[in-house]
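S.K.: after the sequence you'll find the predicted model.
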Amino acid sequence: EKLIFSNFCKLCETVSSSHDRKVKIRILKEYINSLRSKCFNANFHILLRFFLPHLDRDRGAYGIKEHNLAKIYIRILDLPKEGKDAAMLLNFRNPTNTAGNDLTTDFAEVAYWILKNRCGDTTNIHLGEVNSCLDRLAEEHAGHNPRAVDDILIELLRKMSALEQKWLMRLILKSMRLGLGNKILLDIYHPDSMELFDVSNSLLKVSTLLKDPSIRLHEMEISLFEPFRPMLSERCDIDKMDFTDEYFIDEKLDGERFQIHFKNGKFKYFSRNGFEFTDNYGEDKESGYYTSLLAGQIKHDVQSFILDGEMMGWHTNRKCFVTKGNNIDVKKLRVGDAVQSCFCAFDIVYYNGSVLTNKPLVDRLKILESVFQPLNGVIVHTPRFTVNKNEDILKALNSAIDNQLEGIVVKEPKSRYKANSRNSGWYKIKPEYSDGALVELDLLIIGGYYGDGKRKGNVNQFLLGLAISNKGDNFQQYSSLCRVGSGYTILELSELLTKLNPHWHKFRPGKVPNFLLLSKEKPDLWIEPSKSNVLQVKASEVVRSDLYHFGYTLRFPRVEKVRYDKCWDDCLTTHSFAEIVKEYSAKLTYGHIKKKRNAEGKVIDQIASNTSLNVKKIGDLFVGKEICILTGNNVITKSALEVLVIEQGGTVVTAPGVQTYCVIAGDMNVRVKNVIAAKKHIVTSPKWLQDCVDMGKLIPFEQNIVLSAPQRKKIAMAKRAKLDDTNTEDMTSLLLMIESIPVPDDGYPTLTDKVLLELDLELFGERSPYSFFRGVHIFFYKNSEEYNFMSTQEIIFKFHAGIIDETITEATNYIVVLYMSGVTLSHVKDFCEKCPSKQFRIVHKSWIMDCCAQKKLI
């Protein structure tokens with residue numbers, strides 16, 4: 001059955017206009033299920049491409065933006081160029097344009113209200129025809145034939161009603177505005193869609209492999225010659241980290257994330273977002289300059305591989321890398337340019353027919369060493385060395401600052417490669433992540449930009465400038481430097497706009513005020529300097545740019561605060577800014593990052609001094625004991641736990657050392673995970689500390705409340721659990737109290753997991769952050785001889801209301817594989833094949849910790 005495009009448009013209109021996310025999801029689910037019931041084996045590829053055009057990697061770019069469409073409509077409709085309708089199309093972001101009695105800055109919506117009374121009725125054109133036309137658009141654009149692109153577009157527009165044209169425009173602009181994220185839309189089609197898309201970057205593969213939502217995909221494999229979302233690094237502030245094990249340090253490269261696929265002499269190149277650039281580099285050594293060089297470096301026994309790394313620009317004369325900040329696009333470098341492409345490989349995920357993602361990083365790097373012969377300017381290994389303590393990482397970061405590098409990447413040697421995961425053992429550290437590391441710049445607001453989406457019709461970004469260093473005359477000019485739109489809260493922005501809004505002037509290209517010096521970047525609005533404000537801005541570095549009048553701009557600028565205390569004419573001058581750039585060599589970093597935390601085991605001054613906190617000693621429970629408090633939880637804060645220790649004569653330390661009695665950890669973060677993984681100290685929950693204080697004695701550590709412990713202490717706890725029964729309390733009085741509570745005539749209501757989950761949804765609007773595993777059944781696949789006690793993952797899962805299945809049943813949602821010596825994935829798969837139910841996912845144990853870190857089911 002052919003799907004009519006007008007019906008698709010009406011569906012999108014209904015979904016888009018609904019303000020209830022649950023209603024949106026229900027409508028789309030009913031639509032998909034209806035199509036499946038009519039034709040079970042239907043290919044949903046076109047539908048997925050239409051719902052998610054921005055994720056479509058199987059079709060090239062159209063080369064069409066709002067301005068192009070506006071000019072085509074003005075021509076087709078024969079609109080007066082100076083008329084209101086033409087102005088609305090060309091200046092659709094201007095909030096003074098009204099459409100349908102509602103404020104809008106969406107081009108398709110503006111065009112719809114102009115077309116509404118000018119177009120015919122709904123047509124019977126079907127999705128396949130529209131899809132074919134979009135294919136032709138992409139092909140003609142790739143063939144540099146703009147006239148043919150116009151002809152195809154005009155042909156489509158003349159056939160369609162106003163509503164159909166509205167949604168066609170959104171398809172072309174790749175912005176459907178349905179009010180639902182990628183994951184939700186893909187999950188509506190199939191629960192494994194997002195997972196498969198992450199490793200394939202292909203909607204075609206999603207629609208082909210995942211036809212039946214009742215059949216789950218338990219294992220994702222990276223495939224040769226198909227792009228995938230690469231593994232990412234978690235952002236970290238070195239002042240807040242505690243690295244206590246061995247780690248690899250990589251230089252943080254400032255290029256383009258790329259993956260190179262190779263088999264039997266054929267190469268393919270993909271960007272981080274899954275776009276293919278093989279035509280730029282060459283498919284084989286005969287068809288491309290770069291590939292002809294690269295092919296000569298591949299070792300003869302290598303049949304196939306997928307390399308992950310950074311495509312950098314190599315300056316052939318200076319013999320060094322250049323950064324993106326130098327306006328170098330490594331995808332467009334040509335033969336003879338002073339800068340040539342050079343690939344810096346830092347990982348390998350596929351080798352000679354085998355997927356390597358389940359191997360630890362240390363093993364993958366050994367394989368990577370055997371793949372190619374490094375050659376400067378073609379392909380090299382990313383510089384790497386090993387460290388085992390925070391001080392070494394701090395030295396590495398400061399060395400990177402000295403060498404004008406972007407930062408460093410810290411990697412766990414045992415980390416597995418997880419596509420599109422940012423919390424799997426890689427950490428990026430840059431100078432700007434540390435407080436006080438970047439130079440503060442006071443810049444003047446000279447222009448404003450209207451926002452989109454929720455901020456439509458309001459200014460939410462600013463054009464900032466420098467005062468031209470004048471030579472005594474009173475007239476002051478301002479040179480544009482950068483555009484900034486982050487760093488402030490909605491409340492701070494609202495307060496600033498309250499002051500600025502009465503003074504904005506609409507920007508007109510032919511009527512630029514004399515004080516305003518601009519280049520290619522033009523604001524939507526401008527403001528008189530005397531009516532403006534100074535913003536304190538930080539950025540990572542200064543880079544060349546022809547977009548701004550000054551000739552340079554800031555990289556990654558963000559607002560630190562609004563300087564209401566400064567007069568508008570106290571902003572930075574061009575001369576002062578040039579001096580700053582010269583002093584810091586364009587990297588806006590003050591210098592070395594200093595270690596802010598106390599050394600390991602040192603007592604925290606502000607809490608070790610009882611008198612400074614007015615904490616009086618009231619007991620001797622923890623006398624002579626050093627306790628490290630890492631985090632609190634939703635029941636008791638970290639500070640309150642520290643006070644409990646001090647009140648009972650104990651010593652609180654900032655980091656666990658040799659003399660540390662135990663570590664207290666409530667909420668999970670990276671630091672807690674590292675201490676748990678190190679297994680050098682007993683790590684227990686805040687409840688243990690509270691119970692000790694409540695009972696007036698030290699309670700022995702038991703397996704069910706210990707998150708981590710050295711092996712010898714685990715054995716001791718296990719023996720005590722079997723032999724020592726002295727830890728029991730007489731519960732008679734408590735039982736009598738409970739039995740004396742009157743029971744209602746109709747009995748107590750049964751609080752099932754289903755009822756509690758409904759209560760969570762009612763209270764929080766989603767799963768509770770304190771019981772996000774409620775209703776989830778997990779079978780833990782483990783060796784009973786190695787795991788004769790509850791693992792950390794089991795404790796955390798159960799603590800957050802999860803249900804542990806002793807055997808796999810129809811209710812089992814996940815199988816969590818705990819690490820076991822000698823057990824491979826094939827063992828697990830063989831075990832699962834014998835199970836009566838197949839309605840579960842197989843996940844790594846780190847998934848539990850990731851859920852806990854984010855306080856939600858992911």
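M.R.: Sure, I can see it. Residues are numbered from 1 along each chain as shown.

S.K.: okay but L209 is in contact with L196, surely?
M.R.: Yes - under the criterion of Cβ atoms under 8 Å, L209 makes contact with L196 at 6.6 Å. For every residue, glycine as well, the C-beta is placed using N, CA and C.

S.K.: which one's more surrounded, those two?
M.R.: L196 (20 against 15; other Cβ atoms under 10 Å).

S.K.: so which strand or helix has the more buried one?
M.R.: Following DSSP states H and E, one finds L196 within helix 193-200.

S.K.: give the other helices and strands that that helix contacts.
M.R.: On a contact count with 3 or more Cβ pairs under 8 Å, 6 or more residues apart in numbering; DSSP states H and E, helix 193-200 meets helix 182-189, helix 203-209.

S.K.: chain neighbours aside, what residue packs nearest to the most centrally placed residue in the chain?
M.R.: Residue closest to the average C-alpha location in the chain (Cα atoms, centre = their mean): R422, at 6.6 Å. In this structure, R422 finds its nearest non-sequential neighbour in L232, 4.2 Å apart by Cβ to Cβ, 6 or more residues apart in numbering.

S.K.: you'd agree that neighbour is up against W426?
M.R.: Yes - counting by Cβ under 8 Å, W426 is a contact partner of L232 at 7.2 Å.

S.K.: the more surrounded of these two?
M.R.: When L232 and W426 are compared for neighbours, W426 comes out ahead with 24 against 17, by other Cβ under 10 Å.

S.K.: please name the bridge partners of the more buried one.
M.R.: With DSSP bridges as the criterion, W426 is bridged to K411.

S.K.: need the longest helix for the chain.
M.R.: helix 21-38 (DSSP state H).

S.K.: okay, the angle between it and helix 182-189?
M.R.: Interaxial angle, helix 21-38 versus helix 182-189 (axes from the mean of the first three to the mean of the last three Cα atoms, to 10 degrees): 40 degrees.

S.K.: which parts of helix 21-38 are buried?
M.R.: Going by neighbour count (16 or more other Cβ atoms under 10 Å), the buried part of helix 21-38 is K24, I25, L28, Y31, I32, R36.

S.K.: still on that earlier bit, CA atoms only for the helix holding L196, dumped as CSV, please.
M.R.: Provided in CSV are the C-alpha atoms of helix 193-200 (Å, rounded to 0.1, in the frame of the first residue of the first chain):
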residue,chain,number,x,y,z
SER,A,193,16.8,1.1,17.1
MET,A,194,19.0,3.6,18.9
GLU,A,195,21.5,1.0,19.9
LEU,A,196,21.8,-0.2,16.3
PHE,A,197,22.0,3.3,14.9
ASP,A,198,24.8,4.2,17.3
VAL,A,199,27.0,1.5,15.8
SER,A,200,25.9,1.7,12.2
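
S.K.: quick one: work out the angle between it and helix 182-189.
M.R.: Regarding helix 193-200 and helix 182-189, their directions subtend 120 degrees when assessed with the same axes, to 10 degrees.

S.K.: quick check: mean pLDDT of helix 193-200?
M.R.: When pLDDT is averaged over helix 193-200, the result is 84.

S.K.: do the same with stretch 460-474
M.R.: Stretch 460-474 shows a mean pLDDT of 80.

S.K.: which two from the buried residues of helix 21-38 end up farthest apart in space?
M.R.: Farthest apart among the buried residues of helix 21-38 by Cβ to Cβ are K24 and R36. That separation is 18.9 Å.

S.K.: N398: which element?
M.R.: In this structure, N398 sits in helix 390-402 according to DSSP H and E.

S.K.: and I306, by the same measure?
M.R.: For I306, the host element (DSSP H and E) is strand 304-315.

S.K.: ok so, going back, and the helix holding L196, how far out from the chain middle?
M.R.: Chain-centre distance of helix 193-200: 15 Å, with Cα atoms, centre = their mean, to the nearest Å.

S.K.: tell me the buried residues in the helix holding N398?
M.R.: Across helix 390-402, burial judged by 16+ other Cβ under 10 Å covers N390, I393, L394, A396, L397, N398, A400, I401.

S.K.: what's the answer for stretch 685-693, then?
M.R.: Buried residues in stretch 685-693, counting neighbours by 16+ other Cβ under 10 Å, are found at S685, P686, K687, W688, L689, Q690, C692, V693.

S.K.: what of stretch 398-417?
M.R.: For stretch 398-417, a neighbour-count test (16+ other Cβ under 10 Å) marks 398, 400-401, 405-412, 415-417 as buried.

S.K.: then stretch 616-633?
M.R.: By 16+ other Cβ under 10 Å, the buried positions in stretch 616-633 come out as L621, F622, K625, E626, I627, C628, I629, L630, T631, G632, N633.
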